[in-house]
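Asker: Got a predicted model here, sequence first, then my questions.
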Amino acid sequence: MFGTQLNYANITNGSEIYGPGNRYVIWLQGCTLGCKGCWNTEMWPHKEKKLIEREKLLSDILSQGDICGVTILGGEPLEQSENVLWLLNELKTSKLDCMLYSGYSYQEIISNKVYSQVLELVDIIITGRFVLVLRDISLRWRGSSNQEVHFLTDIYNANNFDECNQVEIHINEFGNINILGYPSEELYIDLLDDVN
Amino acid sequence: MSAVIKTLTPFIEQDILLEALNSLNVEYHVNNGLIITNRVDYQGHQQFQFTNGKYHLIHDSDEFGGRLSRNTLNNDYQPIKQFLSKLEGAYKSVYQKKMERIAETERIRMEEAKKKYVQATKEKAIAQAKTQGYSIKESEVNGKIKLVLTRMGH
């Protein structure tokens, strides 16, 4: 859609709640799945949000010294599959592990020739639509109980995987707040009450 | 599905906010601490009010009035979100320029005010998280504070 550029909504370098350890996290722009109750409806349109050349993104990721992995979410990463697969292929030769969130089910991914390539390139994949009636914020890395965590390599496994609710708050030098993760309604309201 | 929520840069300094409004050609007058702008919505003039250490824009909670004004009286009306985003950019730009030209004592005062606001914001967030049973891991990277809140589940 944008050649060798990725259309993205947000990048956070140094998040600890989207996979194991400290990670470089990229929210891609655009998702046609349209799950009811989605927090990130602003990330649905595929129209240009922020563009970054994939080589530049790779170089930025590799220049970070204090991360153990990369997480790609969105939006729907597989709807920019050509550039996502390119990026994951390049990262395969680095020391960084990779995790990807998709709203597609594992079965849907396996049965798609293009999407299924991602399974060879990531260490962990989270799959499945967000289902509002199954919303459960006590789950690690997921928002609803139908969503699945698949450990695809031996770097990580389910043995050390404890369910928990996680929220991350970043406060910059101006006092801007970024809230990431799965805040309870009470926490979300409390935080925004004070900052807005 | 996870949240990504970003808040605006807090408008702490009145003179910087006024200069930022000037740069966007927003007319205003200051009355009893309120900065009353020429932006009009269904509830009347939109205005900035200083509470909890920063200026908040008071406006109609939906854009009905804005759309009405834009369509009938004011073709240049920008929706709130777009306006605040532009104002945020202008505020930061004016802030940086001011920091370059002002005397050391004033620069220190402004830096201290900013730090104080950030500290208060952090403390409130920690207090609220603790109330709700989260454990908190705090770290600082490149001048940014990161709080990781965890609450064990099942």
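Answerer: Perfect, I can see it now.

Asker: Number of residues surrounding residue B:96?
Answerer: Neighbourhood size, residue B:96 [other C-beta atoms under 10 Å in any protein chain shown]: 10. Where C-beta positions appear, they are placed from N, C-alpha and C, glycine not excepted.

Asker: That one: which element?
Answerer: In the assignment (DSSP states H and E), residue B:96 maps to helix B:80-101.

Asker: what's the answer for residue A:52, then?
Answerer: Following DSSP H and E, one finds residue A:52 within strand A:50-53.

Asker: ok, is that strand in contact with chain B or not?
Answerer: No - using C-beta under 8 Å from any C-beta of the partner chain, strand A:50-53 stays clear of chain B, coming no nearer than 13.2 Å.

Asker: Check which helices and strands that strand is in contact with.
Answerer: strand A:5-15 (3 or more C-beta pairs under 8 Å, 6 or more residues apart in numbering or on different chains; DSSP states H and E).

Asker: Can you give the strand pairings for the strand it packs on, parallel or anti for each?
Answerer: Paired neighbours of strand A:5-15 in the sheet (DSSP bridges): strand A:23-28 (antiparallel), strand A:50-53 (antiparallel).

Asker: any weak-confidence spans in chain A?
Answerer: Judged by pLDDT under 70, chain A has its weakly predicted residues at A:193-196.

Asker: Look through chain A and state the residue closest to chain B.
Answerer: Relative to chain B, the nearest point of chain A is residue A:138 (3.2 Å; C-beta to the nearest C-beta).

Asker: Run a quick neighbour tally on that residue.
Answerer: Residue A:138, neighbours per other C-beta under 10 Å, totals 14.

Asker: That one should be in a helix, yeah?
Answerer: No - according to DSSP: H, G, I helix; E, B strand; the rest coil, residue A:138 belongs to no helix; its state is coil.

Asker: got the domain boundaries for chain B?
Answerer: Domain ranges of chain B: B:2-102, B:106-151, per automatic domain parsing.

Asker: Export these to a markdown table and append columns for distance to chain A.
Answerer: Formatted as a markdown table, those follow (distance: least, C-beta to the nearest C-beta, whole Å):
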| stretch | distance to chain A |
| --- | --- |
| domain B:2-102 | 4 |
| domain B:106-151 | 4 |
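
Asker: among the ones you listed, which is nearest residue A:16?
Answerer: Comparison of these against residue A:16 by C-beta to C-beta identifies domain B:106-151 as nearest, at 5.1 Å.

Asker: re the thing from before, the domains of chain B into TSV, with extra columns for mean pLDDT and distance to residue A:55?
Answerer: Putting these into TSV (pLDDT from 0 to 100; distance: least, C-beta to C-beta, whole Å) gives the following:
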stretch	mean pLDDT	distance to residue A:55
domain B:2-102	86	25
domain B:106-151	92	24
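
Asker: Let's have the ones you listed in JSON lines, adding distance to residue A:126.
Answerer: Output for the domains of chain B, formatted as JSON lines (distance: least, C-beta to C-beta, whole Å):
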{"stretch": "domain B:2-102", "distance to residue A:126": "10"}
{"stretch": "domain B:106-151", "distance to residue A:126": "18"}
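
Asker: Next up, the contacts around residue 84.
Answerer: No chain was given, so I picked chain A. By C-beta atoms under 8 Å, 6 or more residues apart in numbering or on different chains, the contact set of residue A:84 is A:6, A:28, A:72, A:77-78, A:100, A:118.

Asker: actually it's chain B I care about, not the one you picked
Answerer: B:8, B:57.

Asker: cool, residue A:67 as well?
Answerer: A:13-14, A:21-24, A:61, A:96.

Asker: 7 Å instead, please
Answerer: Neighbour list for residue A:67: A:14, A:22-24, A:96 [criterion: C-beta atoms under 7 Å, 6 or more residues apart in numbering or on different chains].

Asker: Check residue B:6 too.
Answerer: Applying C-beta under 7 Å, 6+ apart to residue B:6 gives the contacts A:176, A:178.

Asker: Torsion angles phi and psi at it?
Answerer: With angles defined as degrees, to the nearest 10, residue B:6 sits at phi -120, psi 140.

Asker: which residues of chain B fall in strands?
Answerer: Ranges of strands in chain B, per DSSP state E, are B:3-6, B:28-31, B:34-41, B:44-51, B:54-58, B:135-141, B:144-152.

Asker: Run a quick neighbour tally on the residue nearest to residue A:142 when sequence neighbours are not counted.
Answerer: Distance criterion C-beta to C-beta, 6 or more residues apart in numbering or on different chains; nearest residue to residue A:142, sequence neighbours excluded, is residue A:126 at 6.0 Å. Residues near residue A:126, counting by other C-beta under 10 Å, number 23.
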